[in-house]
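In: fold the following for me, if possible:
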Amino acid sequence: MVVGPVGAGKSTLLKALGLRDTPVRKTESVEFYSAAVDTPGEAFEIPTLYHMLIMSSMKASLILLLADPTKRKRFPSRFALSMRAPSVGVVTKIDAASEEQIESAEKALLQCGVKKIFRLSSKTGEGMDDFRSFLAGLS
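Out: Numbers count the residues shown, from 1 in each chain. Down below sits the predicted model:
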């Protein structure tokens, strides 16, 4: 399951991983695929919708919390602990961010409660091989 703010690259990441079989477009509701759950960014940005994420996490074996380092939207402290499955942090769009922005996003993900963080670019493929290996090791 992928969770993060609007524009963080949730659907793009799922497509790059081959877990989304439809074209990338704005996700307007929770979408279930054979091996993934895509969530709308609004469910993260509007706290009264957190229950939607928590309930959807019950069907997930892993939660990917995505942080876009080029934007200031961050997860609330200890947010990962509210999910019903283990969480991993993913800093997306590393090809478009400075090292300082990436480190700030990683710090926010750690404060949110994740223990492991990946740096990825779905656009250039940077970090994707290691991430795929990590995911393959979970099955």
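
In: tally up the residues packed near residue 122, please.
Out: Using other C-beta atoms under 10 Å, residue 122 is surrounded by 23 other residues. Any C-beta I mention is one placed from the backbone N, CA and C, and that applies to glycine too.

In: mind listing the strands for the protein?
Out: 2-3, 31-32, 37-38, 63-67, 87-91, 117-119 (DSSP state E).

In: can you give the strand pairings for the fifth one, parallel or anti for each?
Out: Based on DSSP bridges, the strands next to strand 87-91 in the sheet, each with its direction, are strand 63-67 (parallel), strand 117-119 (parallel).

In: report the contact partners of residue 89.
Out: Residue 89 is in contact with 65, 67, 106, 109-110, 112, 114, 116-118, counting by C-beta atoms under 8 Å, 6 or more residues apart in numbering.

In: the same query, at a cut-off of 10 Å, please.
Out: By C-beta atoms under 10 Å, 6 or more residues apart in numbering, the contact set of residue 89 is 4, 63-67, 75, 80, 105-106, 108-110, 112-119.

In: output the below-cut-off pLDDT ranges for the chain.
Out: Low-confidence segments of the chain, defined by pLDDT under 70: 23, 25, 139.

In: can you show me the helices along it?
Out: Taking DSSP state H as the criterion, the chain contains helices spanning 10-16, 41-45, 50-57, 99-112, 128-138.

In: residue 86 is nearest to which of the ones you listed?
Out: Across the helices of the chain, residue 86 has its closest neighbour in helix 128-138 (9.2 Å, C-beta to C-beta).

In: for that closest one, buried residues please.
Out: Within helix 128-138, the residues that qualify as buried are 128, 131, 135, counting by 16 or more other C-beta atoms under 10 Å.

In: now stretch 105-123
Out: Residues of stretch 105-123 classed as buried by neighbour count (16+ other C-beta under 10 Å): 105-106, 108-109, 112-114, 117-122.

In: hmm, back to that, can I get the buried residues of helix 128-138 in CSV including distance to residue 91?
Out: Below are the buried residues of helix 128-138 laid out as CSV (distance: C-beta to C-beta, whole Å):
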residue, distance to residue 91
128, 13
131, 11
135, 16
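
In: no more questions from me, cheers.
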